[in-house]
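Participant: Test case, fold it:
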Amino acid sequence: QVQPVESGGGSVQAGGSLRLSCAASRLNYCEYDMAWYRQAPGKERDFVSMIDSDGRTSYADSVKGRFTISLDNAKNTVYLQMNSLKPEDTAMYYCNVYRRTSALCSSGYYWGQGTQVTVSS
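Facilitator: Model (predicted):
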């Protein structure tokens, strides 16, 4: 069973950096897309970044050039390196794992519990 577990959140000043981690068990014969979303108080959950099973990455315009997503397959862990943080990056950050449908695998969509990131000015 895939259950993403996030870590690495915290409080930093503007301009600082944090690295978020998300560990999720995966089956070797399935393909997964792993992503980060964030939700600020009173706002909807927004896409931040994704890395697919082929290693292709995508980013929200608001974080391009500042955030970097990476995947350590051996550790089943996806990272989000966040640099040059701004107060508007303050949010709960959620890890999302999507298991693709294939001959051996059923699709599945899994969320972690979230990790809080607070950036002060």
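Participant: can you pull out the strands in this structure?
Facilitator: If you assign secondary structure with DSSP state E, the strands in the chain sit at 5-7, 10-13, 18-23, 32-39, 45-51, 57-59, 67-72, 77-82, 91-99, 108-111, 115-120.
Participant: tell me the angle of the third one relative to strand 77-82?
Facilitator: Read that as strand 18-23. Here strand 18-23 runs at an angle of 160 degrees relative to strand 77-82 (axes from the mean of the first three to the mean of the last three Cα atoms, to 10 degrees).
Participant: Mean pLDDT and mean neighbour count added to the strands of the chain, as a markdown table?
Facilitator: All C-beta atoms are positioned from the backbone trio N, CA, C, and that covers glycine. A markdown table is the format used below for the strands of the chain (pLDDT from 0 to 100; neighbours: other Cβ atoms under 10 Å):
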| stretch | mean pLDDT | mean neighbour count |
| --- | --- | --- |
| strand 5-7 | 96 | 17 |
| strand 10-13 | 98 | 13 |
| strand 18-23 | 97 | 20 |
| strand 32-39 | 96 | 22 |
| strand 45-51 | 98 | 18 |
| strand 57-59 | 98 | 15 |
| strand 67-72 | 96 | 17 |
| strand 77-82 | 97 | 22 |
| strand 91-99 | 96 | 21 |
| strand 108-111 | 94 | 14 |
| strand 115-120 | 98 | 17 |
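Participant: Next up, the contacts around the spatially most central residue of the chain.
Facilitator: When Cα atoms, centre = their mean is applied to the chain, the residue found nearest the centroid is Trp36 (2.6 Å). Contact partners of Trp36, counting by Cβ atoms under 8 Å, 6 or more residues apart in numbering, are Leu20, Cys22, Val48, Ser49, Met50, Ile69, Val78, Leu80, Tyr93, Tyr94, Cys95, Asn96.
Participant: Much appreciated, bye for now.
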